[in-house]
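Undergrad: take this sequence and fold it.
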Amino acid sequence: MREFILSPSLLSSDFGALRSELTALEEAGLKWVHWDVMDGAFVPNITFGPPIIKRLRKTSGLFFDVHLMIERPERYIQEFADAGADLLCIHAESTLHLERTVSAIREAGMQAGLSLNPATPLGVVEYLLPQLDMVLIMSVNPGFGGQSFIPFCKDKIATLSAMIRSRGLQTLIQVDGGVTLHNAKELFDLGADVLVSGSAFFGFPPYAERHKAFQEAVGAK
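TA: Modelled structure (predicted):
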């Protein structure tokens, strides 16, 4: 049985109580947490940056899964490494030199992830797969929480999974956008290893029960 990882998106958490939210996630048995970093340029909204992550890193044992929705992310790689990001995921659409940026992430001591917007073809990631720890399939257009899953992304997940298996790689597939209890099993069966859930997770406390519900939905122990 493949491992199932739930990475709750702090975009839907209480921004005024982030320390308490992280503590509650850890106490509920979660291992990962998803940080949506937005710059107001690549996407419309602005969220948080390295100073907040660095401050909260000191109080949390969670795996910090940091998703950069920013232009020219290569400018901030070392800052996010210093802040304590465990995995740094950049957008293929956000930088001209993907291989150079992915290599810089790994050289800074972090795991490297690459995110693709819904309409971005998988060919972008093909040659980089051996250098990636994770590929994030965006199943909504980034920038806002609470959106509905875009159906054609299911084919994209399945195709990517087959590509990874055919090459004997261990690259994780993450899915972000419109993930709920109702589609979690289908996404996991298609090949997704890590599911990001925002409003469908934080909107249904207590977190331990919601985490268990997602595990049961995909058939994980």
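
Undergrad: which residues in this structure form helices?
TA: Here the chain has its helices, by DSSP state H, at 18-27, 50-57, 77-83, 98-107, 153-166, 184-190, 199-202, 207-218.

Undergrad: mean confidence score for the fourth one?
TA: Confidence over helix 98-107, taken as the mean pLDDT, stands at 98.

Undergrad: about what we covered before: rebuild the helices of the chain as a markdown table, extending it with distance to residue 91 and mean neighbour count.
TA: Placement of C-beta: from N, CA and C, glycine included. Formatted as a markdown table, the helices of the chain follow (distance: least, C-beta to C-beta, whole Å; neighbours: other C-beta atoms under 10 Å):
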| stretch | distance to residue 91 | mean neighbour count |
| --- | --- | --- |
| helix 18-27 | 23 | 17 |
| helix 50-57 | 18 | 17 |
| helix 77-83 | 14 | 19 |
| helix 98-107 | 10 | 17 |
| helix 153-166 | 15 | 17 |
| helix 184-190 | 20 | 19 |
| helix 199-202 | 22 | 22 |
| helix 207-218 | 26 | 16 |
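
Undergrad: just checking, what packs against the lowest-mean-pLDDT helix or strand in the chain?
TA: Lowest on mean pLDDT, DSSP states H and E among the helices and strands of the chain sits helix 199-202, with a mean of 94. Judged by 3 or more C-beta pairs under 8 Å, 6 or more residues apart in numbering; DSSP states H and E, helix 199-202 is in contact with strand 5-8, helix 207-218.

Undergrad: where does this structure have low pLDDT?
TA: In the predicted model of the chain, residues 145-146, 221 satisfy pLDDT under 70.

Undergrad: need the contact list for residue 123.
TA: By C-beta atoms under 8 Å, 6 or more residues apart in numbering, the contact set of residue 123 is empty.

Undergrad: same deal with residue 201?
TA: Contacts of residue 201 by C-beta under 8 Å, 6+ apart are 6, 8-9, 12, 207, 210, 214.

Undergrad: contacting residues around residue 19?
TA: 56, 59.

Undergrad: can you rerun that using 6 Å?
TA: For residue 19, the contact set (C-beta atoms under 6 Å, 6 or more residues apart in numbering) comprises residue 59.

Undergrad: try residue 191
TA: Residue 191 sits in contact with 157, 161, 173, where contact means C-beta under 6 Å, 6+ apart.

Undergrad: swap the cut-off to 10 Å and go again
TA: Each residue near residue 191 by C-beta atoms under 10 Å, 6 or more residues apart in numbering is listed here: 2, 137, 154, 157-165, 172-173, 175.
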